[in-house]
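**Q** I would like the atomic coordinates for the input below:
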Amino acid sequence: MVTYVGRFHPPGRAILYHCKGTILHHHKGRVISDYWHSAKIMAGILARRVLTGPHSVQVSIVDACNYRCVMCWEHSSEIEGRGADDLARDYHATKKNKATVMDYGVYESFVRSLRKTGTRDISFAGIGEPLLHKRIVDAVVLAKALDMQVWITTNGSLLTPDLMKELTRAGLDDINISLNAGAAGEYGLVHANQDNSRFNQIMENLVWLREYKRRQAVGFPRVTLSHVISNLNSHRAVEMMECAVRIGAIAVSYRPVDTCAQTSRFSLGTEERETLSRTLPAAAGLGNKNGISSNVDTFFQLLALRDAGNIPSPCFAGWLYPFVLANGDVTYCCISREVLGNLAERSFESIWFDPRRRELDKTAIRIHKTQKPVSKSRCRGCELTLSNQRIYNRLWPLWGRAGGTARPASNYQG
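**A** Next up, the predicted model:
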């Protein structure tokens, strides 16, 4: 399992901080064109039209996984069969193409079409382990040749020194490691089919990467450690940040577990939350001393959002973050299985600019009023709700004039 749980945008990357007039990029020469692309996205949101390509795309280049993380909605050891709910199971049962590894020819056509829309960010993250793809290095090389920023979310088990050398030479910008542990002791509890010793192996390889980058005098790929916090590992918040210090990470993500019926026993209870209220600020303080960013504030905001159970703002995913599965299906967003088209049949441009998407966008843009989720999507408790709230707050002076609506009251403003 790599994402949703795994569908993480590291704190150092712009999830639309361009709404504040801030652009975070590695290459100064790209600022003007990227700002223009961002401005067109915002104009499209205000006009309720798609005017340009998405901010970024997540590609599940492999849907299979070598891990059985207990909290995963796709591959958990707690789930019999594939998928934690009817949405996931129905999708896998009815999809026309059953492939779990993306054909490289399909990927190549896709990424070239994607680049034509103006998009310059692509992440290999999804419902499987991207490093299982035999041509993952080639996939990174091609995206970089098209002047894109590229990051990979991985459980890290296959990230050997040889592969890290290849990915560094390929120009990979960021690696997000789904570590989910601060020490070896609970690693096997969280990752049910793994031995605790795997934790030490991953850490040793990441220390090797830190030293390799130092010897090569390069700053990339940057490393983020990601942790889904459950009652199995909630006592390790500070140790998780200590791991980041040890390997030279730039960021740590703490995300509260999002459970389903089969995994509810891993939920955060009152005791765990009280512990986290003390240890997460301490972890953030340690990170600040070492130049490592974290998302402690949004951790508690997301907990409050899920406790409340409502959807406090419009959803802008239809303009920002489409999701691509290994069989070529393009879905509305990373928590949706509403298929917009298939890359083996149509170009990404054709799918993205198809006017038939407008009905889905209309639902998403009014979701805070209707509380009606987008078709075949898990909207309640979505991690992107917080960034949607920030975007809405900053666009509201124009939004109110364009739509004649008042800004809704919310306790989740970031």
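
**Q** All the strands of the stretch 151-300 of the chain, in order from the start?
**A** In the stretch 151-300 of the chain, strands defined by DSSP state E, counting those that start in this stretch lie at 174-178, 222-229, 251-256, 293-294, listed in chain order.

**Q** Paired strands for the longest one, with orientation please.
**A** Translated: strand 222-229. Strands that pair with strand 222-229, judged by DSSP bridges, come out as strand 174-178 (parallel), strand 251-256 (parallel).

**Q** Just the CA atoms of that strand, as CSV, please.
**A** Coordinates of the C-alpha atoms in strand 222-229 are reproduced here as CSV (Å, rounded to 0.1, in the frame of the first residue of the first chain):
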residue,chain,number,x,y,z
ARG,A,222,14.7,15.1,-1.6
VAL,A,223,13.2,12.7,1.0
THR,A,224,9.9,13.0,2.9
LEU,A,225,8.9,10.5,5.5
SER,A,226,5.2,9.7,5.7
HIS,A,227,3.4,8.2,8.6
VAL,A,228,-0.2,7.0,8.9
ILE,A,229,-0.9,7.3,12.6
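
**Q** list the buried ones in that strand?
**A** Burial within strand 222-229, assessed by neighbour count using 16 or more other CB atoms under 10 Å, is assigned to 222-229. Using the backbone N, CA and C atoms, a C-beta is placed for each residue, glycine as well.

**Q** what's the closest of these to Gln371?
**A** Val228 (26.1 Å; CB to CB).

**Q** so where do the helices sit in the stretch 51-200 of the chain?
**A** Taking DSSP state H, counting those that start in this stretch as the test, the helices found in the stretch 51-200 of the chain are 86-94, 104-116, 136-145, 161-170, 187-190, 197-216.

**Q** Determine which of those approaches Gly44 most closely.
**A** Among these, the nearest to Gly44 by CB to CB is helix 104-116 (16.6 Å).

**Q** Kindly calculate the angle that the closest one makes with helix 136-145.
**A** In this structure, helix 104-116 runs at an angle of 20 degrees to helix 136-145, with axes from the mean of the first three to the mean of the last three CA atoms, to 10 degrees as the basis.

**Q** on that earlier part again, please identify the most buried of the strands paired with strand 222-229.
**A** By mean neighbour count, with neighbours taken as mean count of other CB atoms under 10 Å, strand 174-178 ranks first of these at a mean of 25.

**Q** Output the lowest mean pLDDT helix or strand found in this protein.
**A** The helix or strand of the chain with the lowest confidence, counting by mean pLDDT, DSSP states H and E, is helix 385-403 at a mean of 75.

**Q** what helices or strands is that helix leaning on?
**A** Other helices and strands packing on helix 385-403, by 3 or more CB pairs under 8 Å, 6 or more residues apart in numbering; DSSP states H and E, are helix 31-47, helix 296-308.

**Q** Nearest to Leu398 among those helices would be which one?
**A** Among these, helix 31-47 comes nearest to Leu398, with 5.7 Å by CB to CB.

**Q** Show me what the closest one is packed up against.
**A** Based on contacts counted as 3+ CB pairs under 8 Å, 6+ apart, the elements that helix 31-47 packs against are helix 317-320, helix 385-403.

**Q** For that helix, list the C-alpha coordinates in PDB.
**A** As requested, the backbone C-alpha atoms of helix 31-47 are provided in PDB (Å, rounded to 0.1, in the frame of the first residue of the first chain):
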ATOM      1  CA  VAL A  31       8.300  30.500 -12.500                       C
ATOM      2  CA  ILE A  32       6.600  32.700 -15.000                       C
ATOM      3  CA  SER A  33       5.100  29.800 -17.100                       C
ATOM      4  CA  ASP A  34       4.100  27.900 -14.000                       C
ATOM      5  CA  TYR A  35       2.500  31.000 -12.500                       C
ATOM      6  CA  TRP A  36       0.500  31.500 -15.700                       C
ATOM      7  CA  HIS A  37      -0.600  27.900 -15.600                       C
ATOM      8  CA  SER A  38      -1.700  28.300 -12.000                       C
ATOM      9  CA  ALA A  39      -3.600  31.500 -12.800                       C
ATOM     10  CA  LYS A  40      -5.500  29.700 -15.600                       C
ATOM     11  CA  ILE A  41      -6.500  27.000 -13.200                       C
ATOM     12  CA  MET A  42      -7.900  29.600 -10.800                       C
ATOM     13  CA  ALA A  43      -9.600  31.400 -13.600                       C
ATOM     14  CA  GLY A  44     -11.200  28.100 -14.700                       C
ATOM     15  CA  ILE A  45     -12.500  27.500 -11.200                       C
ATOM     16  CA  LEU A  46     -14.100  30.900 -11.000                       C
ATOM     17  CA  ALA A  47     -15.600  30.400 -14.500                       C
END
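
**Q** neighbours of Arg273, just the number please.
**A** Each residue near Arg273 was counted by other CB atoms under 10 Å, and the total is 15.

**Q** Leaving out chain neighbours, which residue sits closest to it?
**A** With sequence-adjacent residues excluded and distances taken as CB to CB, 6 or more residues apart in numbering, Arg273 is closest to Leu303, at 7.2 Å.

**Q** Identify the residues contacting that neighbour.
**A** 256, 268, 273 (CB atoms under 8 Å, 6 or more residues apart in numbering).

**Q** Could you list the low-pLDDT ranges of this structure?
**A** In the prediction, the chain carries residues with pLDDT under 70 at positions 1-33, 80-82, 399-414.

**Q** which phi and psi does Val330 have?
**A** Val330 adopts backbone torsions of phi -100, psi 120, taken as degrees, to the nearest 10.

**Q** i'd like the first residue to be 144 from this point on
**A** That works, and once the first residue is 144, the last one we named lands at Val473.

**Q** I figured it was touching Ile494, is that so?
**A** Yes: with contact defined as CB atoms under 8 Å, Val473 counts as touching Ile494 (5.0 Å).

**Q** Give me the common contacts of these two.
**A** When contacts are counted by CB under 8 Å, 6+ apart, Val473 and Ile494 have 483-484, 486 as shared neighbours.

**Q** which one of these has the most neighbours?
**A** Counting neighbours by other CB under 10 Å, the top entry in the shared contacts of Val473 and Ile494 is Leu486, with 24 neighbours.

**Q** If we ignore the residues flanking it in sequence, what's nearest it?
**A** With CB to CB, 6+ apart, the residue lying closest to Leu486 is Gly471, at 3.8 Å.
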